[in-house]
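Undergrad: Sequence below, structure please.
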Amino acid sequence: MARQKIKLKTIKVNNKGYGNLDGSEFFMTEELYEKLKSRKSRSGQGFLQLLESGMAVRGFKHLLEHIKAKSEDASLILTDGKTRKTGKEYYINLKEYSDKGYGRFRSFYRQTALDISSAYLSDQFPSDFLSPNDSLSGEELNKAGKHFDHVLSELSQKKKHKKQILKKTSLMIRDLQQEEKALRQNIEELEELKQESSIAFYIERLAELKSRFGKNYRETAGKDSWQSWIYRNNWIMGIQYLSPIDNQRVGFDNVPDYLFPTIDGFIDILEIKLPSHEIIKLDPSHPGSYAWSPEANKAIGQVVNYLYEMELNQLSLQKKINRKYANQLDKEINVIKPRAFILIGLEDDWGDDTKEAFRKLNHTLHGIEVISYTEIVKRGEYIINLYSENKKG
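TA: The predicted structure is shown next:
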């Protein structure tokens, strides 16, 4: 009676960490496939999906690696039947191999996994696979390690040993190259993920900023105030700033609530007003001329006072900042000639005349610049574009 042909399911490895083995095929008997297709891991992931990614069984990569190294057309077939060899087909009992892997798995994954696959294959197919080094005692291995050069020289005198040394060495070099390549790929993927996460975060925050315009948020009071939002999202002020410094921690009352350290080691201050406030307005006494709005004029007066107090207490403020924030700052902060920015109003409906007048009025200030919420929206868009361009590059 003719022997019934065993039906097999083809599975393709999908794991970049497998190096050259990524995309290679192995097989599974149809009976075992049917048993496993509904099986789930503790995390709820399908067992077959985990097996395809090479993560279901410890030492599986090295089992596949040993068999593929034996012959290009050698096949690994997982079964729930007896482990055996038919021609160039190696039938491996999945449960049996998995149990052996988990029983012998130790902290050094790479070496242990190689030992597991070597031990199992040499047990089942002794004529095809050599016994692994774990047949040696720990004392023998230590002794060989201490005299490695001499042992290698002695072993290489015999032709059969020389062939094995060359084979093992080439496999080790290939493995190291594959691991290095996989590590580089992982680093690149992590960096790309980080950039994509940053872009998504900035886009979401910028949309949130735009949605706040026209709503009745307070200037300073409460967690939803404009001051709170800006200091939570200080990145939008530009890439030249580090995390803001809270004035309460440095013990000065007559300075803004937060100070902005720059990446080159100096201090800027920011006074926040409402986006609904006017910035400049036509001067009725001088046709075609503009002047600061009452709200902007008041903010300029406050900032002038802040700068005076900071200049007066420069050394004391500098000392307290560097002492309190020593663990957070890359370099010492220098409180000399701090610059001041006033955030106020929108310029969305401005014409060229108004924009020119705004620039001229700003030019008359010394160490102070008035900026609009429209301007920080543009800064946010610039940062997003910068990340996007870096990602493309």
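Undergrad: What ranges does this protein have for its helices?
TA: Assigned by DSSP state H, the chain shows helices spanning 30-36, 47-52, 60-70, 94-104, 109-124, 138-146, 148-155, 159-212, 226-232, 247-250, 294-312, 314-324, 352-363, 373-392.
Undergrad: which one of these lies closest to Ser24?
TA: helix 60-70 (6.7 Å; CB to CB). Where you see a C-beta, it was placed from the backbone N, CA and C, and this is true even at glycine.
Undergrad: now for that closest one, which elements pack on it?
TA: Applying 3 or more CB pairs under 8 Å, 6 or more residues apart in numbering; DSSP states H and E, we find helix 60-70 packed against strand 75-79, helix 109-124.
Undergrad: least reliable of these going by mean pLDDT?
TA: Sorting the helices and strands packed on helix 60-70 by mean pLDDT places helix 109-124 lowest, at a mean of 66.
Undergrad: Retrieve the pLDDT associated with the closest residue to Ile263 other than its chain neighbours.
TA: Leaving aside its sequence neighbours, Ile263 sits nearest to Gln240 (CB to CB, 6 or more residues apart in numbering; 5.6 Å). Listed pLDDT for Gln240 reads 76.
Undergrad: i'd like the first residue to be 30 from this point on
TA: OK, 30 is where the count begins now, so the last one is Gln269.
Undergrad: Identify the residues contacting Gln269.
TA: Listed by CB atoms under 8 Å, 6 or more residues apart in numbering, the contact set of Gln269 reads 291-293.
Undergrad: out of those, which are buried?
TA: Neighbour-count burial (16 or more other CB atoms under 10 Å) is assigned, among those, to Thr291.
Undergrad: Columns pLDDT and distance to Gly52 on top of the contacts of Gln269, output as a markdown table?
TA: Formatted as a markdown table, these follow (pLDDT from 0 to 100; distance: CB to CB, whole Å):
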| residue | pLDDT | distance to Gly52 |
| --- | --- | --- |
| Thr291 | 85 | 50 |
| Ile292 | 84 | 45 |
| Asp293 | 85 | 50 |
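Undergrad: Name the nearest of the contacts of Gln269 relative to Ala85.
TA: Ile292 (47.7 Å).
Undergrad: tell me which strands and helices the longest strand along the chain is in contact with?
TA: Counting residues, the longest strand found in the chain (DSSP state E) is strand 363-372. Counting contacts by 3+ CB pairs under 8 Å, 6+ apart, strand 363-372 packs against strand 295-301, helix 323-341, helix 343-353, strand 397-400.
Undergrad: And the helices of the chain: which comes nearest Ile362?
TA: For those, proximity to Ile362 was assessed by CB to CB; helix 343-353 is nearest, at 5.1 Å.
Undergrad: mind checking pLDDT for Ile121?
TA: 93.
Undergrad: what about it, distance to Asn363?
TA: For Ile121, the distance to Asn363 equals 68 Å [CB to CB, to the nearest Å].
Undergrad: Settle it for me: which of those two has more neighbours?
TA: Just comparing Ile121 and Asn363: by other CB atoms under 10 Å the higher neighbour count belongs to Ile121, 24 against 17.
Undergrad: List the contacts of Asn326.
TA: Ala320.
Undergrad: tell me which helix or strand of the chain sits lowest on mean pLDDT?
TA: Here the helix or strand of the chain ranked lowest by mean pLDDT, DSSP states H and E is helix 276-279, holding a mean of 60.
Undergrad: What's the local residue count around the nearest residue to Leu372 once chain neighbours are set aside?
TA: Leaving aside its chain neighbours, Leu372 sits nearest to Ile301 (5.0 Å; criterion: CB to CB, 6+ apart). Neighbour count for Ile301, taken as other CB under 10 Å: 23.
Undergrad: from memory Ile301 sits against Glu248, does it?
TA: Yes - the criterion here is CB atoms under 8 Å, and Ile301 meets it with Glu248 at 6.6 Å.
Undergrad: Need the residues touching each of these two.
TA: By CB under 8 Å, 6+ apart, Ile301 and Glu248 have these common neighbours: 255-256.
Undergrad: between the helices of the chain, which one is nearest to Lys117?
TA: Short answer: helix 89-99, nearest of the helices of the chain by CB to CB, at 8.2 Å.
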